[in-house]
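Chemist: Below: sequence and its predicted model.
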Amino acid sequence: MPCTPLSVNLEVDPDPQQKILFGLNKICNNDNTVQWTLHFELLQGNPLATVVKLDVAITKDYHPQAEATARHGLDASQRGQALVAAAVATDPTATPADQAQAAQDVIAARAMQAGA
Amino acid sequence: MHAAPGVCGPDLGAYQDYRVLQVKIKNLIGFLSPWAADYPVLSRQLELRAGETFSMSKLSQDNVLINRTFAASTSVQKLKVVVTTPQLLDCDPDARTLRVVYRVFTNLLATSIAPTIEQETNESERPATTGAVRASPPGYFVRPIAGYNQTLGTFGGLDFFATSGKFRLRSESQFSGNSKAGHVEVAGSNGSSLRYAGTFEYLDTPAGAARAQEAKLTARFSGLTKELSGQHVLLRYGGALEGGHQQANAVVSTVSISPNSSYGALKLYAGVTGRPGNSAFTASYGFQLGSDLTNGVPTFKKHLVDVGYNARLFAAPIGDGTGQFAGPLSTAVHRSLDLETRFTAGVIQSAAGAPLAERFLGGNQVRPFVSDESWIIQSDAFIRSVPDNQLGNGSRFYCANATLAWTVWGRPMLPKELATDTDFLKYLNGGFATAVGTLADTYKAKSPEYAKKSAAVPARGADVRDALNRLGTQLKEIPPAVAVLPAVAQQLKEIQNGLRTTSSTLRVLVDRKSSAVGPTLLSFNLPSLETQTGVLIKSLQGVSQGALASQMQSSLNDVEKAAAEIKDILAQLASPVYETQAKATLAPAHRIIDIFLHDLNIYSIAPVAIFDAARVWGASTALDSGAQYGVGGGVRFSLVNVNLTAVYAYDPNWVKPRKPGAVVFKFDVTNLFH
């Protein structure tokens, strides 16, 4: 199926002390294969400070979860994992591999149901 | 396979050996600031350039860069959406060349868009401009105005608008051969509910057989309540204090009016407005105490009632902002039958003390009670068949107005590429659902009641952690000869990975007391860990490690028991309240995007039919205009940022020296500076 790049970015500022950013990019490689990336950022406080900031390249194993996330957004389990990934990212004892895994798990954490 | 020459097929990968002739970024609302539409700085950062061979991966990377750049632009909004998608044009299979256009759809929504009838009227009368101004970050806004009416003749003017922080500056001036009008306003707000402004206004205009001149300073405020129901209804209230000077000359002898005096007034007004479904309504009451400031006693009192109802018939339904963005998205003009109705009446008590500019003169220009474009209360008899200020000169009036417009030609504001992209709404809904969920999580975290009820979750999380620590210790007790068995080694590795990721979740749950990660623990971390541990236990039983397997089973049981308790607590706490609250917070911005998707046109032409009835009268029968009517029609153009209205209305009851009808012709061109 032909691939057409598309990028969607959504920012919500529900109040002056909160900002939510969600971005999803569909990247088409030269061989017509598809790659997905997810950006999620949560800022809170006055002044606004980053609570969670994630840029996740979604591996092929998780494309079903990526597709479901694109369609329905992050579910409760994924939003929780985003908080975990943020904690791991600021943990000095965590290795780069741990940090990458925690970010990747934001997609993997989706509770998949029939038809999701 | 290639499409016909000049037309590019959907398989972009088929063009990888083509040469790129041109790369362009097209912001679909860029028509308001055309001089900024080329984005030279951003264009220089793109990987794919003119003269190079086309590459799909470069196209994708540039698409992401453009999207992020637009998303990062500074703005004050509640909801910002940026969608970018590239398009190939003019694919020439002989010359093997093509052009690349990145289309950017942005919607940067100001926080202060309330569901008022004025917003609905703007969408109907000036669709592209209204949509584009809403979708642009605050900046400078310039709108040259020109027109013709029979009282003023040909007139011209300039409307200037600038925003800086919380303050807005607006300056409006209008001149003709026999009139001058000016208005300068500095306004601010506390966000979206309370607005205040200081203005200077000047008016010098023909008023029937006389001339009215007025210069005044005004301080005013107005407030809005929150939306009162799912019908998007809100109450509004305001007050204004005015002081200045007025002059009138050549006043007809039947009216006793001070020709030259100071002038002061207190205005109080209140009303209700709303936008249920595809309609909008307003009802306002205005009260004015006026004085010539000679003895500090009010010399006249004015009462006004102004009600209006607009409906957009046969239009795509607009939801209440709490559901999903729904298709289908139309690539054809958004057609609707727009009905606008209004009834206004007023009375001046002690009218002899009212200056000419404050009396009811009637005609084909709307004279607002206060110069607040976000809340228009008509304060005079509006009748389009009678030239401005020429219906009468009285202390009482009523008017009823109806306008019907039907869009016959145009093009939707949403570009065809997005309207036909099946992924667009899907992604938009996904992003919006994430925002709703995250906001609901925040409301939960801020709720004392939720915090109290969920306090047991971290404690049970600590039980899970203790049990998993025991399990980790037991794993180390597996004899080395068993641990190296291929099946066991693989299970051990997976369990250790699982323990590591679960411990990260438990740190957030137990140490930071964040029960928001409870669902992650229950539905992501523990299920696979429990499964893998169960498999390992069976493996250990198969290699005569029954005692160790039994200890591990005991630890696993403890994990399952604590997890079940967490699940019970979270189930008891499950409530749609927080999600409903989050959806309600975002509903106004959601509705505005819905209007963008389903309602606004970038070009439109609509024939207009009008019917008016009005009467101005006073204490003397000589001042009674009698009931006058206006029947007629015209056309309304909205061509990108140019808006034009031309109507003619005939008065079957006309009497000399008035003409039998009147023409109104008005257009404006809106541009934004950033």
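Modeler: The structure has been received and is ready for your questions. Residues are numbered from 1 along each chain as shown, chains lettered A, B, ... in the order given.
Chemist: which intervals of chain A have sub-threshold pLDDT?
Modeler: With pLDDT under 70 as the threshold, chain A has low-confidence stretches at A:1, A:14, A:113-116.
Chemist: residue boundaries of the helices in it?
Modeler: In order along the chain, chain A carries the following helices (DSSP state H): A:63-72, A:76-89, A:96-108.
Chemist: Between these, which one is closest to B:Gly153.
Modeler: helix A:63-72 (59.0 Å; CB to CB). (Each C-beta comes from the backbone N, C-alpha and C, glycine too.)
Chemist: got the CA positions of the closest one in CSV?
Modeler: Listed next in CSV are the C-alpha coordinates belonging to helix A:63-72 (Å, rounded to 0.1, in the frame of the first residue of the first chain):
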residue,chain,number,x,y,z
HIS,A,63,2.6,-1.5,15.3
PRO,A,64,-0.8,-2.9,16.4
GLN,A,65,-0.5,-1.0,19.6
ALA,A,66,0.8,2.1,17.7
GLU,A,67,-2.2,1.9,15.3
ALA,A,68,-4.6,1.6,18.3
THR,A,69,-2.8,4.5,20.0
ALA,A,70,-3.2,6.6,16.9
ARG,A,71,-6.9,5.8,16.7
HIS,A,72,-7.8,6.1,20.4
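Chemist: Which secondary structure element is home to B:Ser470?
Modeler: For residue B:470 the amino acid is Arg, not Ser. Taking DSSP states H and E as the criterion, B:Arg470 maps to helix B:456-476.
Chemist: so the residue sitting nearest the centre point of chain A bridges to which residues?
Modeler: By CA atoms, centre = their mean, the mean C-alpha position of chain A lies nearest to A:Leu38, the distance being 4.1 Å. Taking DSSP bridges, one obtains A:Leu24, A:Val56 as the residues bridged to A:Leu38.
Chemist: who are the neighbours in contact with it?
Modeler: A:23-25, A:54-56, A:58, A:66, A:69, A:106-107 (CB atoms under 8 Å, 6 or more residues apart in numbering or on different chains).
Chemist: ok, of these, which come out buried?
Modeler: When neighbours are counted using 16 or more other CB atoms under 10 Å in any protein chain shown, the contacts of A:Leu38 contain these buried positions: A:23-25, A:54, A:56, A:58, A:66, A:69, A:106-107.
Chemist: do the helix or strand hosting B:Tyr196 and chain A meet?
Modeler: Applying DSSP H and E as the criterion places B:Tyr196 in strand B:194-207. No. For strand B:194-207, no contact with chain A is found by CB under 8 Å from any CB of the partner chain; the gap never falls below 15.5 Å.
Chemist: between the next helix or strand after that strand and strand B:194-207, how many degrees?
Modeler: Of the helices and strands lying after strand B:194-207 in sequence (DSSP H and E), the nearest is strand B:210-224. Taking axes from the mean of the first three to the mean of the last three CA atoms, to 10 degrees, one finds that strand B:210-224 is oriented at 170 degrees with respect to strand B:194-207.
Chemist: which one among the contacts of A:Leu38 gets closest to B:Thr502?
Modeler: A:Val106 (15.4 Å).
Chemist: List the contacts of that closest one.
Modeler: In this structure, A:Val106 makes contact with A:38, A:40, A:54, A:56, A:74, A:78, A:81-82, A:85, judged by CB under 8 Å, 6+ apart.
Chemist: Could you do B:Arg507 as well?
Modeler: B:Arg507 makes contact with A:Ala87, according to CB under 8 Å, 6+ apart.
Chemist: change it to 10 Å
Modeler: A:84, A:87-88, A:91, B:461, B:465, B:514, B:517 (CB atoms under 10 Å, 6 or more residues apart in numbering or on different chains).
Chemist: Which of the three states applies to it?
Modeler: The local conformation at B:Arg507, judged by DSSP: H, G, I helix; E, B strand; the rest coil, is helix.
Chemist: Tell me the spacing between it and A:Val106.
Modeler: 17 Å (CB to CB, to the nearest Å).
Chemist: helix or strand for the closest residue to B:Gln45 other than its chain neighbours, which one?
Modeler: For B:Gln45, ignoring the flanking residues on the chain, the nearest one in space by CB to CB, 6 or more residues apart in numbering or on different chains is B:Leu65 at 6.5 Å. B:Leu65 belongs to helix B:56-71 when assigned by DSSP H and E.
Chemist: contacting residues for residue 19?
Modeler: Picking chain A for this. Remark: with contacts taken as CB under 10 Å, 6+ apart, A:Lys19 is in contact with A:11-13, A:41-44, A:48, A:50-51, B:80.
Chemist: let's do chain B instead
Modeler: Under the criterion of CB under 10 Å, 6+ apart, the contact list for B:Arg19 reads B:50-54, B:92, B:95-98.
Chemist: If it is in a bridge, with which residues?
Modeler: According to DSSP bridges, the partner residues bridging B:Arg19 are B:Thr53, B:Thr97.
Chemist: which residue sits closest to the residue in chain B that chain A sits nearest to in space, ignoring its chain neighbours?
Modeler: For chain B and chain A, the shortest gap (CB to the nearest CB) falls at B:Ala433, measuring 2.9 Å. Nearest residue to B:Ala433 in three dimensions, chain neighbours excluded: A:Gly73, at 2.9 Å (CB to CB, 6+ apart).
Chemist: tell me, how many neighbours does the one you found end up with?
Modeler: The local packing count at A:Gly73 equals 23, with neighbours defined by other CB atoms under 10 Å in any protein chain shown.
Chemist: Could you tell me the phi and psi values at it?
Modeler: Note on A:Gly73: backbone dihedrals following degrees, to the nearest 10 are phi 80, psi 180.
Chemist: how about the nearest residue to A:Asp105 once chain neighbours are set aside, what does it touch?
Modeler: For A:Asp105, ignoring the flanking residues on the chain, the nearest one in space by CB to CB, 6+ apart is A:Gln81 at 5.3 Å. Taking CB under 10 Å, 6+ apart, we find A:Gln81 in contact with A:52, A:54, A:74-75, A:88, A:102-110, B:501, B:504-505, B:508, B:517, B:519-521, B:524-525.
Chemist: again, only this time at 7 Å
Modeler: By CB atoms under 7 Å, 6 or more residues apart in numbering or on different chains, the residues touching A:Gln81 are A:105-106, A:109, B:520, B:524.
Chemist: Helix or strand next in line after the strand or helix carrying B:Val635, which one?
Modeler: Element membership of B:Val635 [criterion: DSSP H and E] is strand B:628-639. Sequence order places strand B:642-650 as the next helix or strand after strand B:628-639, per DSSP H and E.
Chemist: ok, back up a step: can you list contacts of the strand holding B:Tyr196?
Modeler: Under CB under 7 Å, 6+ apart, the answer for strand B:194-207 is B:151, B:178-189, B:212-223, B:356-357, B:361, B:371, B:389.
Chemist: quick one, phi/psi of A:Thr93?
Modeler: Reported as degrees, to the nearest 10, the phi and psi values for A:Thr93 are phi -90, psi -10.
Chemist: For it, give its distance to chain B.
Modeler: From A:Thr93 across to chain B, the span is 11 Å (CB to the nearest CB, to the nearest Å).
Chemist: Extract the C-alpha set from the helix or strand containing B:Arg591 and format it as PDB.
Modeler: Under the criterion DSSP H and E, the helix or strand holding B:Arg591 is helix B:577-598. What follows is helix B:577-598 as a C-alpha-only set of coordinates in PDB (Å, rounded to 0.1, in the frame of the first residue of the first chain):
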ATOM      1  CA  VAL B 577     -16.600  12.300  36.700                       C
ATOM      2  CA  TYR B 578     -13.000  13.200  35.900                       C
ATOM      3  CA  GLU B 579     -13.300  12.300  32.200                       C
ATOM      4  CA  THR B 580     -16.500  14.200  32.000                       C
ATOM      5  CA  GLN B 581     -14.900  17.200  33.700                       C
ATOM      6  CA  ALA B 582     -12.000  17.000  31.200                       C
ATOM      7  CA  LYS B 583     -14.300  16.800  28.200                       C
ATOM      8  CA  ALA B 584     -16.300  19.800  29.500                       C
ATOM      9  CA  THR B 585     -13.100  21.800  29.900                       C
ATOM     10  CA  LEU B 586     -12.100  21.100  26.300                       C
ATOM     11  CA  ALA B 587     -15.500  21.300  24.700                       C
ATOM     12  CA  PRO B 588     -15.500  24.900  23.600                       C
ATOM     13  CA  ALA B 589     -12.200  24.500  21.700                       C
ATOM     14  CA  HIS B 590     -13.500  21.100  20.400                       C
ATOM     15  CA  ARG B 591     -16.600  22.800  19.000                       C
ATOM     16  CA  ILE B 592     -14.600  25.500  17.300                       C
ATOM     17  CA  ILE B 593     -12.500  22.800  15.500                       C
ATOM     18  CA  ASP B 594     -15.800  21.100  14.500                       C
ATOM     19  CA  ILE B 595     -16.900  24.300  13.000                       C
ATOM     20  CA  PHE B 596     -13.600  24.500  11.100                       C
ATOM     21  CA  LEU B 597     -14.100  21.000   9.800                       C
ATOM     22  CA  HIS B 598     -17.700  21.100   8.900                       C
END
